[in-house]
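Chemist: Quick one: sequence and predicted model below, then my questions.
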Amino acid sequence: MSSPPEENPGPSVDSKKKDERVLARRERIIKRNKNAKHEGSSVNQVKDESCEDKQTAKSRKQITVSNQRIEKLRYDGSELVTNVGVAAMAREDARKVEEEKSNKERREKLEAEVKASMERFEEITKRWDSAHALKVPQALDDMMTNQRELINSMIAEKEKIIQTFQLELKAKDDQYVKDLKKQAEDIDLIIERMNAQIKNLQKAYREELTKIDQAFESERVELLDKHRNEWENLMQQRSNKEVDYLKEAEQRVEDFSSQLQHLRVQDAEEYNMVKIKLETDVQVLEQQLQAMRATYQLNSEKLDYNFQVLKKRDDENTITKSQQKRKITRLQDTLNNLKGKFAKQESSFREENQQLADVYKRITDQFKELQKKSKHFQATDTKKFIDVWVMNEEEAVDLARKVLDEDRIIFTQQIGLDWTVPETAKVLEGEGRPLLAGESAKVTSTSSLKSAKAAADDIIRAASEAGSGNLDQSRSTFGTDKGHSYSPVLIKSVLELLCAEADFLVEKKLVHLLTPLEHDERLLMKLDSIFKAIGVETEEDINRLTEYFIVKGDESNESHTLIHPNQVLKAIRLFVSEGASPNRVLTQKQAVEFDETIAERDSGNDANYWQRLAQILPKTHERKWDALLAGIQKYHTVLTQRAKLIEETDKLQNQNSELRMLLQQYIGSRVNQDLQIPPTHTIPTEMLRDYAIES
C-alpha cells in the first residue's frame, strides 16, 4: 500500500463526493483567472512603458516577451505533471475514508458479536449451574443436547465472522496489487509528460535565444550610429558653454568676495556682543545654583542624621532595658544553681581525691613491677631482631641470586648477549653489611648520656633552685658538652609551653591520675608521655627541641624569646619531620637494665644495605627488561587481535549461510506466483546467477 501524503492536497476533481469535485473546479477556475490577470498586467505594463519611453531597447522587449513565453510553458508543464499526483492523492484520500468507514463498521460488528457471545456464554454458564440440581438422566441428556447446540451456534457465528474477514483481507490484497499497477502507470505517465515538457522547453529556449541575439545585434548597430552623432553635437555645445561659463564665473567670484567680506565683519561684531552677554548671565546663574544646592544638601543631611540618631537611640534603649531585665533574672537563677552544684561537687571531689590517691599508689607499685619485667623483654626483643634480620637477609639474598640468574637467562637466551656479573652483586659477598649486636667486640658506652626523662628532671630541679623568673639568668653548665648554652630556666619554660599546648598527646586517664601530684611531678610525667609520642629520648634531643621553640634572631644577643603558643604545633611537626638524632642510643637507666653482654649497634647503614639488595639489578639491565617486555606485549596484542578477527570471520560466514537459506526460501515461496511482479523480477540477474552458482 502507498504511504499517506505528508500534506493535504485539497479537494480533487476525481473525488467521489460531489462537493469536493465542485470545490476543486472552482479553485482551478480561480487559478486560471489569476494567471490570466498576471499575463494581462504584464502586457499592460509593457505597453505603458513603451508609451512612456519610446527609446526602450528592442533587446529588453524581446527578453520580456521570451521570459513570458518560457514562464507560461513552465507553468503549463508543471500543471500537466502535478495533475497526475493530485489525482493519485485524491484516490488515496478516498481510499482512506473508505478504509476508516470499513474499520468502524468492522469494530461495531465485532463489539456486537462479542456482546452477543458474552450473553450466550453467561446463559450457558447459568445452565451448567442448574445442571447440578437435575438427578434424572434423561433431563441431563436433554440439557446437554441444548448446551451443545448453543455452543455450536456460537462457534458457527465466530467462523462466519472469520470467513468474512478473510474475504475482506483477500480483497485488500487484490486492491493493493491494483494500486501498485495504477501507481506504475501514473509514474510512466508523469515521466512521459516530463520528457515532452523538457523537449518543448528546449525548443522554446533555442528559438527565444535566436530572437534575442538578433534583437541585440540590430540594437547595437542603431546605438552606434545614434551615439556617434550625439557625441559630435555634445562636444560642440560643450566648447561653447565652457567659454561662457568662464566669463560668468569671473564676475560671480568678484561679487561674492565683496559680499562675503561685508558679512564677516558684521557677524563678528554681533557674535562678540552676544557671547559676552550670555557668558555673564551663565556665571551669575551658576553661582546662584551652587549656593542653593549647598544649602539644600547641608539641611537635608543634618535632618537625616538627627532623625537616625534619635531613632537608633530609642531602639537601643528599648532593647537594652529588656535585655537587662532578662539578664538579671537569668543570672539570679544561675547563681542559685551554681551554689547547689558547688556544694555537691566539693563533697564528691574530696571522695574522688582519696580514691585517686589510692589508685596512684597501686599504679606506682605496678610500674615498678613492669620495670623489672622490661629487662627480660628488651633482651628477648634484641634476640628476635637478630633472628628476623638473619631470616630476611637470607630470603633477600636468595631472591637477589634468582634475579641475577633470570637476568643471565634473558641476556643469553632471549636477547643473545654476553652476560657478566654486575658490580652491584658485590653486596651478596658481604660488602657493606652492617654488624649486628654481639658480632663486634666494641660496646658503645651509654653511661655518658642521660635519658630524656632524667634530663628533664634535672632541668626542672635546677630551674626551681634558681628561683628567678628571668629566662636568661642562672645559667648552668647544662648542655655545654653539646655546644649549647641554654639556661635551665629557659628550657623549663620551653617544656612548660610544650605541656600546655601539646597536652592532647597525653592520655586522659593519666591526666586524671596526675591531678593530686605537685606541679613539678605532674609536669615530669606529662613530659615523659609527650617525649615518647614525638621521639625525644636523650638529653641531646631536648636541646635540639629547644632550638625549635626559640625565635630566630641575632645569635650575639644573650636574651632569647619563645615562639608564640599558636606556633607550637608547627615547631613539633618540624622537629618530628627532621627526625631525632641519628646517633641516638639508649638512656643510662635502660642500659643498666640490659644484659651487660649485649652491645649496641650502629643502624645508620641499615637502609643503605637493604637498598643495595633491592637494587641488585643495574639500571641498564632494567631498561633492557622493559624493552623486551614491551616487545612481548605488542606480540601478544597482535595475536589477540588476530584471534578476534578469526572469530568475527566465522560469525560472518555463519550469517552469510543463514542469509542464503532465507533468500532461497523467499525466492521459492508459493506466494510469489500470485503476485504480478514477483521478487525475482526486481532482483538483478547477476545476483540470481551468483546465488545459483553458490547454491
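Modeler: Looks like it arrived, so ask away.

Chemist: From the contact counts, what lies against the helix or strand containing Phe256?
Modeler: Following DSSP states H and E, the helix or strand that holds Phe256 is helix 137-409. Judged by 3 or more C-beta pairs under 8 Å, 6 or more residues apart in numbering; DSSP states H and E, the packing partners of helix 137-409 are helix 58-131, helix 508-513, helix 588-593, helix 606-614. Bear in mind the C-beta positions are built from the backbone N, C-alpha and C, glycine included.

Chemist: and it, how far from the chain's centre?
Modeler: 15 Å (C-alpha atoms, centre = their mean, to the nearest Å).

Chemist: I'd like the next helix or strand past that helix.
Modeler: Downstream of helix 137-409, the first helix or strand assigned by DSSP H and E is helix 452-466.

Chemist: mind checking how far that following helix is from the chain centre?
Modeler: On C-alpha atoms, centre = their mean, the centre of helix 452-466 falls 63 Å from the chain's centre.

Chemist: that older thread, between the helices and strands packed on helix 137-409, which one is nearest to Ile191?
Modeler: Closest to Ile191 of the helices and strands packed on helix 137-409 is helix 58-131 (C-beta to C-beta; 9.4 Å).

Chemist: helices or strands up against the closest one?
Modeler: Taking 3+ C-beta pairs under 8 Å, 6+ apart as the contact cut, helix 58-131 packs with helix 18-52, helix 137-409.

Chemist: Take these and lay them out in a markdown table including distance to Glu111 and mean pLDDT.
Modeler: Listed next are those as a markdown table, based on distance: least, C-beta to C-beta, whole Å; pLDDT from 0 to 100:
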| stretch | distance to Glu111 | mean pLDDT |
| --- | --- | --- |
| helix 18-52 | 31 | 64 |
| helix 137-409 | 12 | 85 |
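
Chemist: May I see the ones you listed organised as JSON lines, with mean neighbour count added?
Modeler: Formatted as JSON lines, the helices and strands packed on helix 58-131 follow (neighbours: other C-beta atoms under 10 Å):
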{"stretch": "helix 18-52", "mean neighbour count": "12"}
{"stretch": "helix 137-409", "mean neighbour count": "11"}
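
Chemist: Figure out which of the ones you listed is closest to Ala88.
Modeler: Closest among the helices and strands packed on helix 58-131, once you apply C-beta to C-beta, is helix 137-409, at 5.5 Å.

Chemist: returning to what we had before: quick one: the helix holding Phe256 to helix 58-131, angle?
Modeler: 120 degrees (axes from the mean of the first three to the mean of the last three C-alpha atoms, to 10 degrees).

Chemist: before we move on, the earlier item: quick one, which of the helices and strands packed on helix 137-409 gets closest to Ala425.
Modeler: Judging those by C-beta to C-beta, what sits closest to Ala425 is helix 606-614, at 10.0 Å.

Chemist: Restricting to C-alpha, output the closest one in CSV.
Modeler: Provided in CSV are the C-alpha atoms of helix 606-614 (Å, rounded to 0.1, in the frame of the first residue of the first chain):
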residue,chain,number,x,y,z
ASP,A,606,70.9,-0.5,57.5
ALA,A,607,68.8,1.4,55.0
ASN,A,608,71.7,1.6,52.5
TYR,A,609,72.4,-2.1,52.9
TRP,A,610,68.8,-3.1,52.2
GLN,A,611,68.5,-0.6,49.4
ARG,A,612,71.6,-2.2,47.7
LEU,A,613,70.0,-5.6,48.0
ALA,A,614,66.8,-4.2,46.4
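
Chemist: Tell me the helix or strand right after it.
Modeler: Counting by DSSP H and E, the next helix or strand C-terminal to helix 606-614 is helix 619-667.

Chemist: For that next one, name the packing helices and strands.
Modeler: Looks like helix 619-667 contacts helix 679-682, helix 685-694 (3+ C-beta pairs under 8 Å, 6+ apart).

Chemist: So, low pLDDT: which residues of the stretch 501-650 of the chain?
Modeler: For the stretch 501-650 of the chain, residues meeting the criterion pLDDT under 70 lie at 553-559, 579-603.

Chemist: if we look at whichever strand or helix holds Leu569, which residues are touching it?
Modeler: Applying DSSP H and E as the criterion places Leu569 in helix 568-578. For helix 568-578, the external contacting residues (C-beta atoms under 8 Å, 6 or more residues apart in numbering) are Leu497, Leu498, Glu501, Ala502, Ile534, Gly535, Arg544, Leu545, Tyr548, Phe549, Ile563.

Chemist: change it to 10 Å
Modeler: 494, 497-498, 500-502, 504-505, 530, 533-536, 541, 544-545, 547-550, 562-564, 567 (C-beta atoms under 10 Å, 6 or more residues apart in numbering).

Chemist: What about these, which are in helices?
Modeler: 494, 497-498, 500-501, 530, 533-534, 541, 544-545, 547-548 (DSSP state H).

Chemist: Redo the residues you listed as CSV? Include distance to Gln261.
Modeler: Output for these, formatted as CSV (distance: C-beta to C-beta, whole Å):
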residue, distance to Gln261
Val494, 102
Leu497, 100
Leu498, 103
Ala500, 102
Glu501, 99
Ile530, 107
Ala533, 107
Ile534, 104
Asp541, 108
Arg544, 103
Leu545, 103
Glu547, 99
Tyr548, 97
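
Chemist: May I see those arranged in TSV, with distance to Met89 and neighbour count as well?
Modeler: Formatted as TSV, the ones in helices among the contacts of helix 568-578 follow (distance: C-beta to C-beta, whole Å; neighbours: other C-beta atoms under 10 Å):
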residue	distance to Met89	neighbour count
Val494	103	25
Leu497	100	17
Leu498	99	24
Ala500	98	12
Glu501	94	16
Ile530	98	21
Ala533	94	14
Ile534	95	16
Asp541	102	20
Arg544	101	17
Leu545	100	22
Glu547	101	13
Tyr548	97	17
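
Chemist: quick check, nearest of those residues to Lys339?
Modeler: Ala500 (31.3 Å).

Chemist: Any idea how many residues pack against the residue lying closest to that closest one once chain neighbours are set aside?
Modeler: Excluding its sequence neighbours, the residue lying closest to Ala500 (C-beta to C-beta, 6 or more residues apart in numbering) is Pro565, at 7.1 Å. Other residues near Pro565 come to 10 when the count uses other C-beta atoms under 10 Å.

Chemist: Hmm, Asp503 and Pro565 touching each other?
Modeler: No: taking contacts as C-beta atoms under 10 Å, Pro565 lies outside contact range of Asp503: 11.9 Å.

Chemist: Number of residues surrounding Phe531?
Modeler: Neighbour tally, Phe531, other C-beta under 10 Å: 23.

Chemist: doesn't Glu539 make contact with it?
Modeler: No: look at Phe531 against Glu539 with C-beta under 10 Å: they stay out of range, at 11.3 Å.

Chemist: how far is stretch 130-145 from where the chain is centred?
Modeler: That offset, for stretch 130-145, works out to 79 Å (C-alpha atoms, centre = their mean).

Chemist: Distance across it, terminal residue to terminal residue?
Modeler: 15 Å (C-alpha to C-alpha, to the nearest Å).

Chemist: residue contacts, the closest residue to Leu404 other than its chain neighbours?
Modeler: Residue nearest to Leu404 in three dimensions, not counting chain neighbours: Ala425, with 6.2 Å by C-beta to C-beta, 6+ apart. For Ala425, the contact set (C-beta under 10 Å, 6+ apart) comprises Ala400, Arg401, Val403, Leu404, Asp407, Glu431, Arg612, Ile616, Leu617, Pro618.

Chemist: again with Asp418
Modeler: Going by C-beta under 10 Å, 6+ apart, Asp418 touches Phe411, Thr412.

Chemist: Quick check: phi and psi at it.
Modeler: Phi and psi for Asp418, reported as degrees, to the nearest 10, are phi -80, psi 140.

Chemist: One more: Val506?
Modeler: phi -100, psi 140.

Chemist: what's the nearest residue to it if we skip its chain neighbours?
Modeler: Ser529 (4.7 Å).

Chemist: Okay then, goodbye and thanks.
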